[in-house]
Structure formats: structure tokens, C-alpha cells
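Participant: fold the stuff below for me.
(one chain, ligands or ions: 1)
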Amino acid sequence: MKESTVTGNDSVQSEGHESPFTWLVPVVYDLGAPALFSPLGGWDTLREQALDTFEVRAGEHVLELGCGTGGITEKLIKRGACVTAIDRSEPMLKRARRRAPSATIIRADIRSLQCERRFDRVLLAFVLHHLDAETRMHALRFARRVLAPEGTIGIVDWVKPTGDIRRRCLQIYLTLLEPPCAKDWTDEGFESHLRRAELTILKDRSFARGFVRLVVAGRDTVRADSAERTPGAASHLLAS
Ligand SMILES: C[S@@+](CC[C@H](N)C(=O)[O-])C[C@H]1O[C@@H](n2cnc3c(N)ncnc32)[C@H](O)[C@@H]1O
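Facilitator: Numbering: from 1, shown residues only. The predicted model follows:
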């Protein structure tokens, strides 16, 4: 049995009523995402290009937050990475376990995670727009905390494209098919979130005709150091 150094629980998810149709979500996701991205250059191509840019190397330890049905987990394993993948949805994880049997797959809510080790890479692919503002910051700060000294965080997510018509298309898609917090994510944008989590952008690439962005980020040590030295600076950073 695989030993896990990341622990957590899914209690936040199991509060309240769970729909009898939850099992349908992974089916809809695995059919819907390729269809959605087909006119945008392809789902599989997007994921491969994002991983090429993130430059995961064989033997590296990768923590994947919100792994869903494990499409990226499988690709990371094929690239030789040692993957720990987290998601709170059991139906999604059922598929992930089938796709990536050698990954360490844990059912947990991001808000409950505890971790005893450091990772070379932390990946959040299409997850932050699923989280409310507080959980989003929690996820980014957790990712920063568990990074190895030279480690990097990869964030792949929706971004407001240029041009009125394309912006309107994204708005309609987010309103119809994504949770309400997705609009907050695209309105506030990558930069503001990363700054508040004391992360600095190391690489930045646009995909899917400008609807998706990959940012590779690392610890913003200058800002973190000055916050430690200057009394009150940390609260200023959090408020900015
Ligand atoms: C759009 S899917 C992305 C899946 C995968 N990263 C991919 O790119 O295919 C978002 C995933 O985040 C998970 N998720 C949302 N909120 C979460 C939370 N608070 N804790 C853990 N997982 C969460 C959902 O269950 C879902 O599987």
C-alpha cells in the first residue's frame, strides 16, 4: 500500500444533500471538455502544451490539486513524475484511479489538507475558478507552503480574452456551465491572486485562442522577506 504524506478529509463536501446524479458529473466532464475545446485547438493538445511549458521532469514529485478524472495525472505519470493527486469528488476520483493507478490519489477537500513533505511542482489545472475567494487563497497559500526551495506552481485556468465578442462568449459559458465563483476568478485575474499569495510569475503562456492561460509561479521571496522584516507589512500585503 502507498504511504501518503498528504492528509485531509472531505467533510466539507459531504455537508448537506448529495445529488443522486453525482455519478454523471465525470461522464459529462470527460465528454464535454474535449467537445468544448475542439474549436479552441483541442483538449489533449492544450494539456500536453501546458505540461511542456510547466517542464515537469522524470522523478520529480508533483502535487496535483483538484485532479478530477485524472486526465493530467495520467500524462504526468507518463512523463515519469511521482504524483500525489487530490480531489474531493469520489466519482471523479474513481476514473482518476483507473487512469493513473501508480499515482497516490487522495479524496480530500483542499481546505482540510495537511502536508508533511515538500513538492517540486504543484499543479492547479482548472481548479481555482471552482473555488470561492477564501478557498482560492487557501489553495494558493497551501501550494506555496508545500513547495520545495526551487519548486514551482503551475496554474492553468480561464482568462478573459481580448476582444468584446470573445469576452461575451466566455461570460455566457461561465454563466451557464460554471459555478458563480468562476466569474470572480476571471474578473480578479491571475496577477492579483498571485500577489496576495506572495507568488511571483516566472513564465506566462496563453492557450486555446486566448481563453486559457498557464502561469508558472514561484515564491516571491523579496516580498515575503520584507513582510517579515516590516511590522504590519504582512497585513498590508494581504489587503492589497
Ligand atoms: C474542472 S475540474 C478540473 C479537473 C482536472 N484538473 C483537469 O484539468 O481535468 C475541477 C475539479 O476540482 C475539484 N474541486 C473543486 N473544489 C474542490 C475542493 N474544495 N477540494 C478539492 N477538490 C475540489 C472538483 O471536484 C473537480 O474535480
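Participant: what's the longest helix along the chain in contact with?
Facilitator: Longest helix in the chain, counting residues (DSSP state H): helix 181-196. Applying C-beta atoms under 8 Å, 6 or more residues apart in numbering, the external contacts of helix 181-196 come out as 128-133, 136-137, 140, 155, 157-160, 170-171, 174-175, 200-201, 213, 215, 217, 220, 223, 237-238, 240. Where C-beta positions appear, they are placed from N, C-alpha and C, glycine not excepted.
Participant: let's see it at 6 Å
Facilitator: 128, 129, 132, 158, 160, 174, 215, 217 (C-beta atoms under 6 Å, 6 or more residues apart in numbering).
Participant: ok, now which ones touch the third one?
Facilitator: In this case it means residue 132. Applying C-beta under 6 Å, 6+ apart, the residues contacting residue 132 are residue 181.
Participant: hang on, the earlier thing: of the contacts of helix 181-196, which belong to helices?
Facilitator: Those of the contacts of helix 181-196 lying in helices (DSSP H): residue 174.
Participant: just the CA atoms of the longest helix of the chain, as PDB, please.
Facilitator: Extracted in PDB, the C-alpha atoms of helix 181-196 (Å, rounded to 0.1, in the frame of the first residue of the first chain):
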ATOM      1  CA  CYS A 181     -17.300  32.000  -8.300                       C
ATOM      2  CA  ALA A 182     -15.800  31.400 -11.800                       C
ATOM      3  CA  LYS A 183     -16.700  34.900 -12.800                       C
ATOM      4  CA  ASP A 184     -15.000  36.300  -9.700                       C
ATOM      5  CA  TRP A 185     -11.900  34.400 -10.700                       C
ATOM      6  CA  THR A 186     -11.800  35.800 -14.200                       C
ATOM      7  CA  ASP A 187     -12.700  39.400 -13.000                       C
ATOM      8  CA  GLU A 188      -9.900  39.500 -10.500                       C
ATOM      9  CA  GLY A 189      -7.400  37.700 -12.600                       C
ATOM     10  CA  PHE A 190      -4.200  35.800 -12.100                       C
ATOM     11  CA  GLU A 191      -1.900  38.700 -11.100                       C
ATOM     12  CA  SER A 192      -3.900  39.900  -8.100                       C
ATOM     13  CA  HIS A 193      -4.300  36.400  -6.700                       C
ATOM     14  CA  LEU A 194      -0.700  35.600  -7.100                       C
ATOM     15  CA  ARG A 195       0.400  38.800  -5.500                       C
ATOM     16  CA  ARG A 196      -1.800  38.200  -2.400                       C
END
